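Chemist: Okay, sequence plus prediction incoming.
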Amino acid sequence: MRKIQTTKNYRIFARSADNRPVDKKKHKRLMESMKLYGFLACFPLACVRDASGQLIVKDGQHRLQFAETLGLPVHYVEEQVDFDIATVNSAVNRWTLADYAHKYAQQGNEEYQEGLDFAEANKLPIGVAFSLLAGTASFGNIQAQFNSGQFKIKDRSWANMVAGVYGPIVAMSDQVRSARFMEACMAVCRVSDFDPKRLLLGAERCRDKLVSYSTKDAYLDLAETLYNFGRKQLFSLKNAAIMAMRDRQACKAKSQED
């Protein structure tokens, strides 16, 4: 058994770059419990020593933060194995996509930081933001790479175009905020000669048409209506979007076979 040690010298500890950022707001109940019961020795910090002898907190960073705030003694154990906290915690406290993204971003991975910035700037869920930057319509296509720290940005221009269409239209009418409308935006933005400004102008002029639908197909019909509003020369946007997505899927299937 590991020996539980106790100290009030908080400076001997450093937070692991593998762990999630400290979020005091999400752990208010922990703070209140420590005010009531103190730092319980039955829940010590789990630490490892780095090459310089510094104690790295692998588990218990919030307990350490609150103990220092409250002036409480800290209980800790030293582990000999430098374990991956994301793997250990996943069994009892499932990591969110944001947790993984912040973990790799704080380790210096600029692609994860760019993904976080993109999600925040465009008010998108983490999974959607990273999927767009990866050039795919489904997060399931990149989840393994994302979780393992191997995520790569492959299509910034498409991601920016989709966000530049979806965000402003949702701002016009929150009724269209949905995964199905996002999928429709992804599809039309694959059309080679698609003009985002034309769609946004049509949406601005037809706000009464921005209502909720249950399918991507219905939203593609809406997109075509908006795109052609007030135009003499009509464009079959829905059909072009469907063909563009089919061609893309065929190319991906062929590349996988090769």
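Modeler: That came through fine.

Chemist: For the stretch 101-250 of the chain, give me the ranges with low pLDDT.
Modeler: Within the stretch 101-250 of the chain, no stretch has pLDDT under 70.

Chemist: secondary structure class for K154?
Modeler: Secondary structure for K154, judged by DSSP: H, G, I helix; E, B strand; the rest coil, is coil.

Chemist: where do the helices sit along the protein?
Modeler: 28-37, 61-70, 85-89, 97-106, 110-122, 126-134, 143-148, 156-172, 179-188, 196-205, 216-228, 237-257 (DSSP state H).

Chemist: Could you export those as TSV, including distance to A51 and mean neighbour count?
Modeler: Yep, even glycine has a C-beta here, placed from its N, CA and C like the rest. Formatted as TSV, these follow (distance: least, CB to CB, whole Å; neighbours: other CB atoms under 10 Å):
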stretch	distance to A51	mean neighbour count
helix 28-37	31	12
helix 61-70	21	18
helix 85-89	19	15
helix 97-106	20	20
helix 110-122	25	17
helix 126-134	33	24
helix 143-148	25	15
helix 156-172	38	18
helix 179-188	46	22
helix 196-205	52	17
helix 216-228	53	20
helix 237-257	43	14
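
Chemist: nearest to K8, of those?
Modeler: helix 61-70 (8.5 Å; CB to CB).

Chemist: quick check: angle from that closest one to helix 28-37?
Modeler: Interaxial angle, helix 61-70 versus helix 28-37 (axes from the mean of the first three to the mean of the last three CA atoms, to 10 degrees): 50 degrees.

Chemist: Only alpha carbons, please: show stretch 210-224 as CSV.
Modeler: Provided in CSV are the C-alpha atoms of stretch 210-224 (Å, rounded to 0.1, in the frame of the first residue of the first chain):
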residue,chain,number,x,y,z
LEU,A,210,-37.1,30.2,-41.5
VAL,A,211,-39.0,27.6,-39.5
SER,A,212,-38.2,24.2,-38.0
TYR,A,213,-38.1,21.0,-40.2
SER,A,214,-37.4,17.4,-39.2
THR,A,215,-35.2,16.3,-42.1
LYS,A,216,-32.1,17.4,-44.0
ASP,A,217,-34.1,17.0,-47.2
ALA,A,218,-36.6,19.6,-46.1
TYR,A,219,-33.9,22.0,-45.2
LEU,A,220,-32.3,21.5,-48.6
ASP,A,221,-35.6,22.5,-50.1
LEU,A,222,-35.6,25.6,-47.9
ALA,A,223,-32.1,26.5,-48.9
GLU,A,224,-33.0,26.3,-52.6
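
Chemist: Please consider this matter closed, and thank you.
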